[in-house]
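In: take this sequence and fold it.
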Amino acid sequence: MTTSIEISESVRHYYGQVLQSSNDLKTSACCSIDAMPSHIKALLAGLHPEVLERFYGCGSPLPPALLGKIVLDLGCGTGRDCYLLSKLVGPAGRVIGVDMTPEQLEVAVRHREWHAERFGYANVEFLHGHIENLATVGIADNSVDVVVSNCVINLSPEKPRVLAEIFRVLKPGGELYFSDVFADRRIPAALRQDPVLLGECLGGALYWEDFRRILQDLGCPDVRAVKQTPISLDDPEVAAKIGMVKFKSVTVRAFKMALEDRCEDYGQVACYLGTLPEHPHTFELDDHHHFETGRPLRVCGNTADMLAASRYADHFRILGDKSHHFGLFDCTPAPHGETAKAEGACC
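Out: Numbering: from 1, shown residues only. Next up, the predicted model:
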C-alpha cells in the first residue's frame, strides 16, 4: 500500500525534476493564458520569464475585490499567481505562498527582489511546507481573507486535512477560490498511485460528490462551481490507463460562513452596483448567477449571505431579510456541470 509520504515524494519528484517546463505536460489540465481574464493576462507582461515558464496550473483562480487583502496561495510553485496577486492586493495587501517542492520555491524566491523592484513594493512571502499542516509554517486561525490554489489540492494524499486547514485559517466571511481537476467517478486505487497520473493531476482528482461531502462535513454545505472546462488526455499512454474517466478543470468558490444545506426562499433580491473596477457591467458569482449591473435578481438565502457577509458586501444591495420564509427556493436542481433551469436558481 502506497503511503501518504510516498505519494507526496512522488509528486515532489515529478514537479521538481521530471517537469522542466509546461511543454512537458501530457494533458490539457494546464490551460493556456488565453483563458485568463484580460485584466489578469495584461499583468503577465510584468512577471519574470522563468516564473512563467515553470508554472503548472489548471485555471486562473484569482477572484476580484482583493485590494488590501491577505491572500494565501496553496501550492504556489514558482510564484506566478503570487506575483499576480501582489499587483491585485496592492502595497497595503499581503500574499503568502506555500509549497513543498524546493526546486519550484527556489525559482519563486530567487525572483522576489526582481519583482519588488519592478512593482515598487514588496508584499510576497514564500514558505516551504505542506498544505496539509499550515500551522507548521505559522499561519494562524482566522488570519487570511482569501485562499487560492491552482491545480494543487488534487495532488495531496490527504485532501480532507487540506480543506480543514483552509477553513481554519480563513477569517469569518473569507473565501476559498481555487481551480482544480475533478473526476466524474472515483479513481481506482492502483491508478491513484501511478506517478505520471498523479503528476498530471489525474490520479488524485476528486470525484465531485466526494468533494462536496468533505466540505459539508467541514461546515460548508454550499459550494459553487464558477467555470468548467473538459480536459483532454493528449498522451496515448495516459489515455490507455485512465481514458474511461471524464475529467474537468473546475474553478470553485466557497465561503466560511453559516449557510443552509438547501436553497431556502426568504423573498430576497440582490442588485450588483457595478463598482468592481474590472467588472463594470456584470459579476459572475458562479456558473448560474449572472448579475447585470443595476438589474435586480431573486436569490436564495445562501446567495444573499455570500454577497452580504463577505468582502463583496460593498458592491451589492440586498433587499429583504430572513424574517419571512417562503419554503424552498423555486430552483430546479441540475447535475454537476449543467446550469439550473430557473432564473435566479441557486442549486
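In: pull the helix or strand with minimum mean pLDDT from the protein.
Out: helix 4-13 (a mean of 52; mean pLDDT, DSSP states H and E).
In: what separates the next helix or strand after it from the chain centre, distance-wise?
Out: Of the helices and strands lying after helix 4-13 in sequence (DSSP states H and E), the nearest is helix 38-41. The chain centroid and the centroid of helix 38-41 are separated by 17 Å, computed with Cα atoms, centre = their mean, to the nearest Å.
In: cool, stretch 140-150 as well?
Out: Counting by Cα atoms, centre = their mean, stretch 140-150 comes out at 11 Å from the chain centroid.
In: now what about it, what contacts it?
Out: For stretch 140-150, contacts defined as Cβ atoms under 8 Å, 6 or more residues apart in numbering pick out 57-63, 66, 69-75, 77, 81, 85, 96, 131, 166, 168-172, 174-180, 311. Where C-beta positions appear, they are placed from N, C-alpha and C, glycine not excepted.
In: which among those residues end up buried?
Out: Neighbour-count burial (16 or more other Cβ atoms under 10 Å) applied to those gives 57-63, 66, 69-75, 77, 81, 85, 96, 131, 166, 168-171, 174-180, 311.
In: show me where the stretch 151-300 of the chain has strands.
Out: Counting by DSSP state E, counting those that start in this stretch, residue ranges of the strands within the stretch 151-300 of the chain are 170-183, 206-207, 224-230, 247-255, 268-272, 282-286, 289-292, 297-299.
In: in CSV, list those strands along with distance to residue 125 and mean pLDDT.
Out: Converted to CSV, the strands of the stretch 151-300 of the chain look like this (distance: least, Cβ to Cβ, whole Å; pLDDT from 0 to 100):
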stretch, distance to residue 125, mean pLDDT
strand 170-183, 18, 97
strand 206-207, 29, 97
strand 224-230, 27, 93
strand 247-255, 24, 95
strand 268-272, 33, 98
strand 282-286, 30, 97
strand 289-292, 34, 97
strand 297-299, 37, 97
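In: between those, which one is nearest to residue 110?
Out: The closest approach between residue 110 and any of the strands of the stretch 151-300 of the chain, judged by Cβ to Cβ, belongs to strand 170-183 at 25.5 Å.
In: related to what we said a few turns ago, so which of the contacts of stretch 140-150 belong to helices?
Out: The members of these that map onto helices under DSSP state H are 81, 85, 166, 168-169.
In: OK, contacts around residue 112?
Out: 79, 122, 124, 126.
In: rerun that using 10 Å as the cut-off
Out: Residues in contact with residue 112 (Cβ atoms under 10 Å, 6 or more residues apart in numbering) are 48, 79, 82-83, 86, 97, 122, 124-126.
In: which of those sits closest to residue 160?
Out: Minimum separation from residue 160 among the contacts of residue 112 (Cβ to Cβ) is found for residue 97, which lies at 22.6 Å.
In: measure how buried the closest one is and give me the count.
Out: Residue 97 has 29 neighbouring residues, counting by other Cβ atoms under 10 Å.
In: hmm, residue 76 and residue 137 touching each other?
Out: No - taking contact to mean Cβ atoms under 10 Å, the distance of 11.8 Å between residue 137 and residue 76 leaves them out of contact.
In: who's more crowded, these two?
Out: residue 76 (30 against 14).
In: gap between the more buried one and residue 83?
Out: For residue 76, the distance to residue 83 equals 10 Å [Cβ to Cβ, to the nearest Å].
In: overlap in contacts, the two.
Out: The contact sets of residue 76 and residue 83 overlap at 95, 97, 108, 124 (Cβ under 10 Å, 6+ apart).
In: pull the contacting residues for the closest residue in space to the last one that isn't next to it in sequence.
Out: By the measure of Cβ to Cβ, 6 or more residues apart in numbering, the closest residue to residue 124 outside its immediate chain neighbours is residue 95, 4.6 Å from it. Taking Cβ under 10 Å, 6+ apart as the definition of contact, the neighbours of residue 95 are 66, 69-73, 76, 79, 81-89, 123-126, 146, 148.
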